[in-house]
Structure formats: structure tokens, C-alpha cells
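Peer 1: I'd like to go over a predicted model; first the sequence, then the structure.
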Amino acid sequence: MQIRDISPGWFWLPFSLVAGFILARYFSSAEFYDLYIGGDEYGAIELLTPVLLVPGIVFGILALRYWQQLPNFQSRLWIMLVTLGAFYMAGEEISWGQWFFMWDTPDSLMEINDQHETNLHNVSSWMDQKPRLLLELWALFGAIRSWYRFFKAEQENVGSTAYWFWPTRPLAWTGLLSALAMMPERMTDWWGIQPPFPFDIRAAEYQELVLAVFLSAFLASAWIRAKSLERKF
């Protein structure tokens, strides 16, 4: 049975964004880059990340409308969790609207939040670095798994939980890019090597941008595949 899926051509979106921002760092002044592209709150990278997650949230909701095409409770729960994860990530990126509406951070959060904002990811690594690492590993191992199965000519059982849990092959390059985006920072942390300009970037922000595309692409893939299955019966 041939099931429709997302186009692998979507990889060019995150790749073009990352390449474009690095080129902008190279050709523009440091002041321009810091203000308009790599800025902490209102730079293009920070603002694009939640914007790119919005389609994923919509696709996740649409995918859950086809819950009867999902084989079991685990696969339905996973699509729901990924959708909620995309919602959480988008909300956290804009401090749940504080960036735009400029409300005061509650005192209870002021005391424990590193940047004194209305969010959770600056409170603990369990709300930020660790979930991001798990997301990166899921995307990376999903890429490796999809390529392995492709070269072994193994067909995925659409009725299995694994088919809905792991990213499909059109998402593989985006999954790999999400890991590569952190390499400038890891070169310094692991080997003490300072990346050359213009690759001396805030790697975590670039990775979050790629992961935003990845989550939206995964949920779009789930929706397209579930919708395609409905038409088969």
C-alpha cells in the first residue's frame, strides 16, 4: 500500500534559513546582526521559531481528527504529546506573550527565573536543555533509522506504533541538521576549539529554529499519512 507523505523538499527551508543567517552574519555588521537577526528577543531567529511552530500545532490537531487511522492508544498519545510539545515550545519562545504585551513577571517567577521572564525554560535545565537534547536525539536517531531501513529495503508496517513514533525518511536531513546546528557550541565544550567566524554563533538558537521546522514537518507528515490511510478504506 502506497501511503502519501510530506515532500522531502521541505528540508530546503531549514537549510536555507540556517545558511542565510550565517551568510548575514558574515556580510553584515556585528551591530546589524545582533539587533535584527541574533538578538535575544526580537531578532529574526527568535521570532521565526514560534512562527514556524504554529503550522505544526495546526497539523497536529488535524492529525488527531483522523485518530481512527492511528493503530493504537500509544500512537495517538504520541501525536498528542508532540503537538503539545510544539505548543509549549512556541509559548516558551515568546514567554507566553510577555515579549509583546510587556506585563510584569510575577514575583514568584522573578526569584527563580534566570532572565526574570514569564517562562519555565529559564528556571531549570529540565525545562530547556534536557528536553531539547531528547528532541535532538529523537530526530537524529529517527534519521539514522530511516536511512538504515531504506538501504536494507525494509518496509514499515503502517499498523505499528513505530511507524507513527519515528520520523519518516523525508524528515531525515532535517533531523541531521538539528544535530549539526549544535556543533559550533560542542566544538568548544568538547574539544576546546573556538569555531571560526561566522560560525561562532549562538548554536542553541539555530538548533531551536531547525527543531521548530522539524516538529511542524513531523506533524504535517502524520496528518498527511493518516488522511491518506482514510482514503484507502
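Peer 2: Arrived safely.
Peer 1: tell me which element V213 falls in.
Peer 2: Applying DSSP states H and E as the criterion places V213 in helix 203-232.
Peer 1: what helices and strands are in contact with that helix?
Peer 2: Taking 3 or more Cβ pairs under 8 Å, 6 or more residues apart in numbering; DSSP states H and E as the contact definition, the neighbouring helices and strands of helix 203-232 are helix 12-27, helix 44-65, helix 73-93, helix 129-151, helix 172-180, helix 183-191. Every residue, glycine included, has its C-beta placed from N, CA and C.
Peer 1: spatially central residue for the protein, please.
Peer 2: Centroid-nearest residue in the chain, with Cα atoms, centre = their mean: L211, separated by 1.9 Å.
Peer 1: so who does that residue touch?
Peer 2: For L211, the residues meeting the contact criterion (Cβ atoms under 8 Å, 6 or more residues apart in numbering) are M89, R132, L135, E136, A139, S178.
Peer 1: and the gap between it and L134?
Peer 2: 11 Å (Cβ to Cβ, to the nearest Å).
Peer 1: picking up where we left off before, give me the pLDDT value at the residue nearest to the centre of the chain.
Peer 2: We note a pLDDT of 97 for L211 in this prediction.
Peer 1: cool, and the one 4 residues further on?
Peer 2: At L215 the predicted local confidence, pLDDT, stands at 98.
Peer 1: one more: S124?
Peer 2: Taking S124 on its own, its pLDDT is 77.
Peer 1: likewise G97?
Peer 2: pLDDT recorded at G97 is 76.
Peer 1: that one: neighbouring residues, count only.
Peer 2: Under the neighbour criterion other Cβ atoms under 10 Å, G97 is assigned a count of 11.
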